[in-house]
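J.: Using only what follows, build the 3D model:
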Amino acid sequence: MRASRMLSILTTLQARGQVTAPELAESCEVSVRTIYRDIDALAASGVPVYADRGAEGGYRLLDGYRVRLNGLSQNEAEALFLAGLPGPAAALGLDAAMIAAQNKLMAALPANLREDAGRMQERFHLDAPGWFGEAEEPKHLRTIAGAVLRGTLIKIRYRSWRAEKQRRVAPLGLVLKGGSWYLAGQVEGSVRTYRVARVLDCTALDDRFERPVDFDLAAYWQAATLRLEAEMHPNVAVVRLSPFGVKLLDALSQPYVKARTEIEDAADADGWRIARVPTGKTSWHAAAELLRLGPEAEVLEPADLREKMAEMTQAMATRYGAARKA
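T.: Numbering: from 1, shown residues only. Sure, this is the predicted structure:
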């Protein structure tokens, strides 16, 4: 355990340059005192690790010192090759670089780990888009990715749901979700989300921007998606479901809705059960979602949604009835 932890300290220092003892302790899940002892042991073994004192200080390796990769465990070597995503890398223009890096990594691995790492590539495949969807290939993705890496501004013309807009954006990060690319960009001090496929024009500028020191892309994305899903489903409908309707609701619901749907255990004489289901902002959106359940669901509350369901189903029956007579 200690040898693995000390290797983790070395690779962290090599990757990040300078790291404080509390940061290393949190990463390794040990006490700061344990980190002090490990650093002393590394220094005693000849590793050129140094401490910079002061508020901005921390531990660092002597410039030019590199850690060899032959300390990887079998699981770590397998995980590295499982992380290779050829599709997204190609979309960003990094497919050749990724292949070269994997070849170098394979060459650096001990012989007993090469076969295991190669096996992971052969037997696991990531298909990011959902069923019946295709991965987007946005025209301006590579330009935006380049600006993200350089830390420079971009000027975009963007098509939102309502209109086209022009923005000067500080690109903070890119996210691939369900086959679609999204940009987290700062505009006028606030961070917003843009779907890259809706960027109509993009110009890379030479102006650099100051990245917010506390911005965490993964944390921002998690909060943004939860907020969006909550905004899209602010209401709750009380619905009566047949046994097949329960299965349909589970199969067709989005993860956010599924996680927050409450279905009573007790069933009536016909086997139907009562459920409380998150729904869209308006009665029209809510009805459109629940109509997918067909005759296997009956809306009980709220009254305006029940009326909208009756109105829409009546209109459909009238239309199909007229077509039948014709």
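J.: what about the helices in the stretch 101-250 of the chain?
T.: Remark: helices assigned in the stretch 101-250 of the chain by DSSP state H, counting those that start in this stretch are 111-123, 141-150, 217-232, 243-252.
J.: Out of these, which is closest to Arg319?
T.: Among the helices of the stretch 101-250 of the chain, helix 243-252 comes nearest to Arg319, with 23.4 Å by C-beta to C-beta. (C-beta placed from N, C-alpha, C; glycine too.)
J.: What is the distance between that closest one and the centre of its chain?
T.: Relative to the centre of its chain, helix 243-252 is centred 27 Å away, using C-alpha atoms, centre = their mean, to the nearest Å.
J.: ditto for stretch 229-246
T.: Centroid separation for stretch 229-246 versus its chain: 25 Å, with C-alpha atoms, centre = their mean.
J.: again with stretch 10-23
T.: 25 Å.
J.: tell me the mean pLDDT over it?
T.: Average pLDDT, stretch 10-23: 84.
J.: The helices of the stretch 101-250 of the chain into TSV, with extra columns for mean pLDDT and mean neighbour count?
T.: Output for those, formatted as TSV (pLDDT from 0 to 100; neighbours: other C-beta atoms under 10 Å):
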stretch	mean pLDDT	mean neighbour count
helix 111-123	69	13
helix 141-150	92	18
helix 217-232	91	13
helix 243-252	95	15
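J.: can those go into JSON lines with extra columns for distance to Arg208?
T.: JSON lines is the format used below for the helices of the stretch 101-250 of the chain (distance: least, C-beta to C-beta, whole Å):
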{"stretch": "helix 111-123", "distance to Arg208": "38"}
{"stretch": "helix 141-150", "distance to Arg208": "8"}
{"stretch": "helix 217-232", "distance to Arg208": "19"}
{"stretch": "helix 243-252", "distance to Arg208": "47"}
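J.: Out of the ones you listed, which is closest to Gly280?
T.: The nearest among the helices of the stretch 101-250 of the chain, by C-beta to C-beta, is helix 217-232 at 6.3 Å.
J.: So which residues of the protein form strands?
T.: All strands of the chain, identified by DSSP state E, fall at 18-19, 49-52, 58-61, 152-159, 164-177, 180-187, 190-195, 199-208, 235-241, 262-267, 273-279, 297-301.
J.: Show the contacting residues for Leu13.
T.: Going by C-beta atoms under 8 Å, 6 or more residues apart in numbering, Leu13 touches 19, 49, 59-61.
J.: Point out where the protein drops to low pLDDT.
T.: Residues of the chain meeting the criterion pLDDT under 70: 1, 66-86, 94-114, 117-118, 120-121, 128, 132-133, 323-326.
J.: ok, now with 80
T.: Scanning the chain with the threshold set as pLDDT under 80 gives 1-4, 7, 11, 14-16, 54-56, 64-136, 322-326.
J.: Longest helix in it, please.
T.: Secondary structure of the chain per DSSP state H: the longest helix is helix 303-325.
J.: May I see the buried residues of that one?
T.: Judged by neighbour count using 16 or more other C-beta atoms under 10 Å, the buried positions of helix 303-325 are 305-306, 308-309, 312.
J.: And for Arg240, the neighbour number?
T.: 16 (other C-beta atoms under 10 Å).
J.: Check Val299 too.
T.: By other C-beta under 10 Å, 24 other residues sit near Val299.
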